[in-house]
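Asks: My questions concern the predicted model and sequence given below.
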Amino acid sequence: MADSEIAGAVKAALAQVEIPGGGTLAGYSGLSEVIVTKSAIALAISVQPGMEAAFGPARVAAQKAAEAVGQGRKVLISLTSDKSPAMAAPTGQAAAQGRPGPPPKSAVPGVKNIIVVGSGKGGVGKSTVAANLALALAAEGLRTGILDADLYGPSIPKLLGIEGKPAVREDGVFSPHEAFGLKAMSIGSMLTPGQAVVWRGPMASSALRQLLRETDWGGLDLLVVDLPPGTGDIQISLFQQAELAGAVIVSTPQDLALIDAQKAIDMIRRLSIPLLGLVENMSYFVAPDTGKRYDIFGHGGAARAAELFGMPFLGEIPLDMAIRETSDAGRPVVATDPDGPQAKAFRAIAREILSRNPQLRA
Ligand code: ADP
């Protein structure tokens, strides 16, 4: 069946899903358009604030109904109570000027602190660092989770060897995956690997909001969020909705990567998120046979850049075959060889973050 026919079938199926207050989802004014791609179906249900729990069963029923007609497509349904920006109560300066402001930030249930890991561009090893850093922080005794928000290249499932979708409870709340002692959720579990996501910005932001807020994190000290690279809408909406303890920026030593990193740093500054520091990845290469160290990219660029940007330099991770192989095999090096030199590099960065930010241990 063509995608448009599937969309019609989904809408017909939603006409069987009852909603609180009577009527069905198909006729509900808060239903978004139904987006159908070769391998996924996505739609959003927007409800009045306070009605999320009441709509939980309708979302579960809609999920099943869409799966039944989706011919194997993965289904992602987000349920939000976002007021539209035009309806949101203005706050602060925006209110004074009569403009609508962003919705107020609120805590994420079951999570004490959130740190985000970002980069100016893809391919610098941001996800590899996020996963191993989360494991290194867990090794320091913090109950830690990871949320893969990299919609356009979700690699946390592969890095942590996670397969399949997370379980969904009767009330529509996700139970996260568990991997190497981390609680883990990924937008990638909702989509077919390699699929280019066609969601519009608000759709993606609302899916992310759902993963963040409607997951049973179960009492974490720290949630590490692997951001999409760059400085787009998704980052901004995440920064605006949740109180963040800080951001870690990953860069390679090359000048060009550092120029990109600077854009990410500028964005985080503008949004008044604390900058925890800069990590230099693929910093130097140690030949496995001779042990000789090669600064192939002109190592040290990130340390100099951190000084220039007026932010802490957190440490460097070598370009290392074991890091690549363990990442690709879903056996992250910090968990599988905790005393090896690669794990030590990640653990040193975790300790640096915690010693500079003791509030993260509280
Ligand atoms: P990003 O999230 O920035 O796009 P990834 O974490 O997905 O980057 O890494 C891109 C590729 O580089 C992956 O194949 C990964 O295994 C590899 N990689 C990342 N960091 C290192 C490293 N320090 N040494 C060797 N390979 C690395």
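Replies: Yep, it's here. Numbering: from 1, shown residues only.

Asks: In the chain, where is pLDDT below threshold?
Replies: Along the chain, segments meeting pLDDT under 70 span 80-104, 191-201, 255-257, 296-299.

Asks: Repeat the analysis, applying 50 as the threshold.
Replies: The model of the chain has pLDDT under 50 over residues 82-99.

Asks: helix/strand/coil for Pro109?
Replies: At Pro109 the chain is in coil, as set by DSSP: H, G, I helix; E, B strand; the rest coil.

Asks: Nearest to the ligand: which residue in the chain?
Replies: Nearest to the ligand, among the residues of the chain, is Gly125, at 2.9 Å (CB to the nearest ligand atom). C-beta here means a position set from N, CA and C on the backbone, and glycine is covered the same way.

Asks: tell me the phi and psi of that residue?
Replies: Per-residue torsions, Gly125: phi 90, psi 20 (degrees, to the nearest 10).

Asks: is it true that Val124 lies in a strand?
Replies: No: read with three-state DSSP, Val124 is coil and lies in no strand.

Asks: doesn't Met282 make contact with it?
Replies: Yes: with contact defined as CB atoms under 8 Å, Val124 reaches Met282; the gap is 7.4 Å.

Asks: Count the neighbours of Arg209 for me.
Replies: For Arg209, the neighbour count with other CB atoms under 10 Å is 21.

Asks: Phi and psi next, for it.
Replies: Backbone geometry at Arg209, expressed as degrees, to the nearest 10, gives phi -60, psi -40.

Asks: Ser32 now?
Replies: The phi/psi pair for Ser32 (degrees, to the nearest 10) is phi -80, psi 180.

Asks: That one: neighbour count?
Replies: So Ser32, with other CB under 10 Å, has 17 neighbours.

Asks: Apart from its neighbours in sequence, what residue is nearest it?
Replies: What sits nearest to Ser32 in space, not counting adjacent residues and going by CB to CB, 6 or more residues apart in numbering, is Ala44, at 4.0 Å.

Asks: do the same with Ile19
Replies: What sits nearest to Ile19 in space, not counting adjacent residues and going by CB to CB, 6+ apart, is Ala58, at 4.9 Å.

Asks: now swap in Thr215 and tell me
Replies: Closest residue to Thr215 apart from its sequence neighbours, by CB to CB, 6+ apart: Phe174 at 4.4 Å.

Asks: residues near the one you found, how many?
Replies: Look at Phe174: counted by other CB under 10 Å, it has 18 neighbours.

Asks: got it, and Val279?
Replies: With other CB under 10 Å as criterion, Val279 counts 29.

Asks: So which elements touch whatever helix or strand it lives in?
Replies: Using DSSP states H and E, Val279 sits in strand 275-280. Applying 3 or more CB pairs under 8 Å, 6 or more residues apart in numbering; DSSP states H and E, we find strand 275-280 packed against strand 246-251, helix 255-270, helix 301-309, strand 313-316, helix 341-356.

Asks: so after whichever strand or helix holds the residue nearest to Ser32, what's the next helix or strand?
Replies: Using DSSP H and E, Ala44 falls within strand 40-46. On the C-terminal side of strand 40-46, the closest following helix or strand by DSSP H and E is helix 52-69.

Asks: Now the helix or strand hosting Leu238: buried residues?
Replies: Leu238 is part of helix 233-241 when elements are defined by DSSP H and E. Neighbour-count burial for helix 233-241, counted by 16 or more other CB atoms under 10 Å, picks out Ile234, Gln235, Ile236, Ser237, Leu238, Phe239, Gln241.

Asks: about what we covered before: any idea what sits nearest the residue of the chain closest to the ligand, other than its immediate chain neighbours?
Replies: Excluding its sequence neighbours, the residue lying closest to Gly125 (CB to CB, 6+ apart) is Asn281, at 4.0 Å.

Asks: how many other residues sit next to that neighbour?
Replies: Close neighbours of Asn281, defined as other CB under 10 Å, add up to 23.

Asks: The closest residue to Tyr152 other than its chain neighbours: what's it in contact with?
Replies: Once flanking residues are discounted, Tyr152 sits nearest to Pro228: 5.4 Å by CB to CB, 6+ apart. Applying CB atoms under 8 Å, 6 or more residues apart in numbering, one finds that Pro228 lies in contact with Ala149, Asp150, Leu151, Tyr152, Gly153, Ile234, Gln235.

Asks: How much space separates the last one from Ser155?
Replies: In this view, Gln235 and Ser155 are 17 Å apart by CB to CB, to the nearest Å.

Asks: Using the record's assignment, carve this structure into domains.
Replies: 3-83, 111-361 (automatic domain parsing).

Asks: so which of those domains is the most packed in?
Replies: domain 111-361 (a mean of 19; mean count of other CB atoms under 10 Å).

Asks: For the stretch 151-300 of the chain, which residues are neighbours of the ligand?
Replies: Within the stretch 151-300 of the chain, the positions near the ligand by CB under 6 Å from any ligand atom are Gly153, Ser155, Asn281, Met282.

Asks: Now the helix or strand containing Lys183 - C-alpha only, PDB.
Replies: In this assignment (DSSP H and E), Lys183 forms part of strand 182-186. The C-alpha trace of strand 182-186 is given here as PDB (Å, rounded to 0.1, in the frame of the first residue of the first chain):
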ATOM      1  CA  LEU A 182      22.600   2.500  32.600                       C
ATOM      2  CA  LYS A 183      18.900   3.300  32.000                       C
ATOM      3  CA  ALA A 184      18.700   4.100  28.300                       C
ATOM      4  CA  MET A 185      16.200   5.500  25.900                       C
ATOM      5  CA  SER A 186      16.700   6.300  22.300                       C
END
